[in-house]
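# 3D, please:
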Amino acid sequence: MTRRRERGFAAIELSAGVALLVLPVALLVLSLPQWSSRQETARLAARDAARVVALAGWCDRDAALGAVDRIAADGDLAPGALGLTLDCAASAPLPRGGAVTARVSVGMPVLDVPILGRAAAWSWTAQHREPVDPYGSRP
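Residues are numbered from 1 along each chain as shown. Next comes the predicted model:
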């Protein structure tokens, strides 16, 4: 009985193992810090937007959008990457002692490969509720 020697299979198995197992896990690990960064950016934007509106005393959507755009620029996000929703009627005065809630949504990339590009899969939303000054004067 002759025995055949199998040569070259270790190199093929190593290449397949790296391509099918290690590479997808490495890409996922590289995406995790970006998810955390985008979540924190959305939290900060919601907080600042709610504070700007609460301090103004009336529902100033433009001022809130300005705050959100500043936070997006600081977080290296494209303009318009953060979506804003306020729970007050536009240009309406806020009730004394009430609260305003700002919700900011941001797209989360599944993968962000420098040469191949980026694929977005879902949206993450942060919200912040800010009390309105119960003793403040109205404009």
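
# next SSE downstream of the lengthiest helix in the chain?
Longest helix in the chain by number of residues (criterion: DSSP state H): helix 23-56. Downstream of helix 23-56, the first helix or strand assigned by DSSP states H and E is helix 61-74.

# give me the contacts around whichever helix or strand comes after that next one.
Using DSSP H and E, the helix or strand that follows helix 61-74 in sequence is strand 82-86. Strand 82-86 is contacted by residues 41-42, 45, 49, 53, 59, 61, 64-65, 68-69, 71-72, 100-106, 123 when judged by C-beta atoms under 8 Å, 6 or more residues apart in numbering. In this view, the C-beta of every residue, glycine as well, is placed from N, C-alpha and C.

# same for the longest helix of the chain, what does it pack against?
Applying 3 or more C-beta pairs under 8 Å, 6 or more residues apart in numbering; DSSP states H and E, we find helix 23-56 packed against helix 61-74, strand 82-86, strand 99-113, strand 117-131.

# possible to save the ones you listed as CSV with distance to Ser15?
Putting the helices and strands packed on helix 23-56 into CSV (distance: least, C-beta to C-beta, whole Å) gives the following:
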stretch, distance to Ser15
helix 61-74, 41
strand 82-86, 42
strand 99-113, 19
strand 117-131, 24
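
# as JSON lines, those with mean pLDDT and distance to Ser31 would be great.
JSON lines is the format used below for the helices and strands packed on helix 23-56 (pLDDT from 0 to 100; distance: least, C-beta to C-beta, whole Å):
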{"stretch": "helix 61-74", "mean pLDDT": "96", "distance to Ser31": "19"}
{"stretch": "strand 82-86", "mean pLDDT": "96", "distance to Ser31": "19"}
{"stretch": "strand 99-113", "mean pLDDT": "87", "distance to Ser31": "6"}
{"stretch": "strand 117-131", "mean pLDDT": "86", "distance to Ser31": "10"}
